[in-house]
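Colleague: Please find the sequence and the predicted model below.
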Amino acid sequence: MVVEVCSFFGVYLLYCTNPRYHGRVYVGFTVNPERRISQHNAGKRRGGAWKTSGRGPWDMVLIIHGFPSDVAALRFEWAWQHPHASRRLTHVTRRTSKERQFDFHLRVLAHMLRTAPWCRLPLTIRWLKQEYHRDFPPGLEPPLHMPVAFGQVRAVRGTQGARTESSEELPVTPKRCSICLKRFQDGEEEDIPLRCFHAGCSMAAHVICLARTFLQKEPDQFLPVEGQCPGCKNLVLWGDLIRHHKGCYGDLEADPTSSQEHWADELNCEGGSGNVSEGDSSPLVEDELGCPAAGMALL
Ligand SMILES: [Zn+2]
Ligand SMILES: [Zn+2]
């Protein structure tokens, strides 16, 4: 089964199955994993990267997705490729002579997922090829809000405004923010409220109001991970609220261990390059917070 995910920004690990180059790995960024792996295996004239060209076939083994933007994913890609140049990863020791490239990359990944700012993102860790799967080392497991998923994934467009099924329609949007009680301004895009997706819950709030509420216990953070809905009191993941807000109506309450499609995040970083292309990446300078504008503007 192929899981469909909208607002897809992913960073993947390739494994070389060509006996001459056996054991080599490659880390890359993509908005379309199905297209990307076929490009890698078709060589650089077909859009593959020069490092992978002529050395295939490659298996796309693992992909991390759920990044809020291309810039956030590209920063992750850069740090995974250059862990010893990243000042966030100074605690990661170098590859030993006995350590395979694949094992080293998984070790770096395990550290990255537990390191700010990535440890706060609503990421999904997806094994695309089950035969490569291994557990994270004890003590280096990813944060609990990040599901480990299995199987193929497909990038699709969101379906904002085109929801078809009617059985679980939400009630009419309330006129006021459940938190600050101010009226929503009709037609203002930045004023479209976040809605709770639990059945019968009519909670709607400004993004910034709900983020502040969720961050009350973590005043040093700017990106919520989860919190209690002020309406129905259910625990909700921030990534699920944002995904729903964007019109990605998946199985929001799916068991995270069997994770169906997952969340995208709305905390767009500013200051990124406009058009980012897949392929051999240019190093992106790390900024102090990983996401400079997010503290000021949650949208
Ligand atoms: Zn409000
Ligand atoms: Zn609720």
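Modeller: Structure received. Ligands and ions are numbered 1, 2, ... in the order given.

Colleague: Tell me, how many residues neighbour His198?
Modeller: By other Cβ atoms under 10 Å, 17 other residues sit near His198. (Each C-beta comes from the backbone N, C-alpha and C, glycine too.)

Colleague: End to end on stretch 87-102, go ahead and measure it.
Modeller: End-to-end distance for stretch 87-102, by Cα to Cα, to the nearest Å: 22 Å.

Colleague: so Tyr26 bridges to which residues?
Modeller: When bridges are called by DSSP bridges, Tyr26 pairs up with Leu14.

Colleague: from what I can see it touches Asp59, true?
Modeller: No: using Cβ atoms under 8 Å, Tyr26 is not in contact with Asp59; the gap is 10.6 Å.

Colleague: joint contacts of these two?
Modeller: Common contacts of Tyr26 and Asp59 (Cβ atoms under 8 Å, 6 or more residues apart in numbering): Leu14.

Colleague: If I look at His105, what pLDDT would I see?
Modeller: Per-residue confidence (pLDDT) for His105: 97.

Colleague: Please, which helix or strand holds Gly48?
Modeller: Element membership of Gly48, judged by DSSP states H and E, is empty: it is in no helix or strand.

Colleague: Go ahead and confirm it touches Ala42.
Modeller: Yes: between Gly48 and Ala42 there is a contact under Cβ under 8 Å: 5.9 Å.

Colleague: quick one, which of these two is more surrounded?
Modeller: Regarding Gly48 and Ala42, a neighbour count based on other Cβ under 10 Å identifies Gly48 as having more, with 25 against 13.

Colleague: Give me the distance between the more buried one and Ala155.
Modeller: For Gly48, the distance to Ala155 (Cβ to Cβ, to the nearest Å) stands at 18 Å.

Colleague: try Leu237
Modeller: In terms of Cβ to Cβ, Leu237 sits 21 Å off from Ala155.

Colleague: Can you tell me the closest non-neighbouring residue to the residue positioned nearest the centre of the chain?
Modeller: In the chain, the residue lying closest to the centroid (Cα atoms, centre = their mean) is Gly66, at 1.8 Å. Nearest non-adjacent residue to Gly66, counting by Cβ to Cβ, 6 or more residues apart in numbering: Leu123, 4.3 Å away.

Colleague: repeat for Thr173
Modeller: Nearest non-adjacent residue to Thr173, counting by Cβ to Cβ, 6+ apart: Ala204, 5.8 Å away.

Colleague: Quantify the burial of that neighbour by counting its neighbouring residues.
Modeller: Neighbour count of Ala204, defined by other Cβ under 10 Å: 23.

Colleague: Now do the same contact list for it.
Modeller: Residues near Ala204 by Cβ under 8 Å, 6+ apart: 173-174, 177-178, 184, 193-196.

Colleague: Among these, which one has the most neighbours?
Modeller: Among the contacts of Ala204, Leu194 has the most neighbours (other Cβ under 10 Å), with 25 neighbours.

Colleague: That one pairs with what?
Modeller: Ala205.

Colleague: tally of neighbours for the nearest residue to Met1 once chain neighbours are set aside?
Modeller: Of all residues not flanking Met1 in the chain, Gly151 sits nearest, at 6.1 Å (Cβ to Cβ, 6+ apart). Summarising burial for Gly151: neighbours were counted as other Cβ under 10 Å, giving 15.

Colleague: Tell me which stretches of the protein form helices.
Modeller: Along the chain, the stretches classed as helices by DSSP state H are 33-42, 70-81, 101-113, 207-214, 238-245.

Colleague: out of these, which comes closest to ligand 1?
Modeller: helix 207-214 (3.3 Å; Cβ to the ion).
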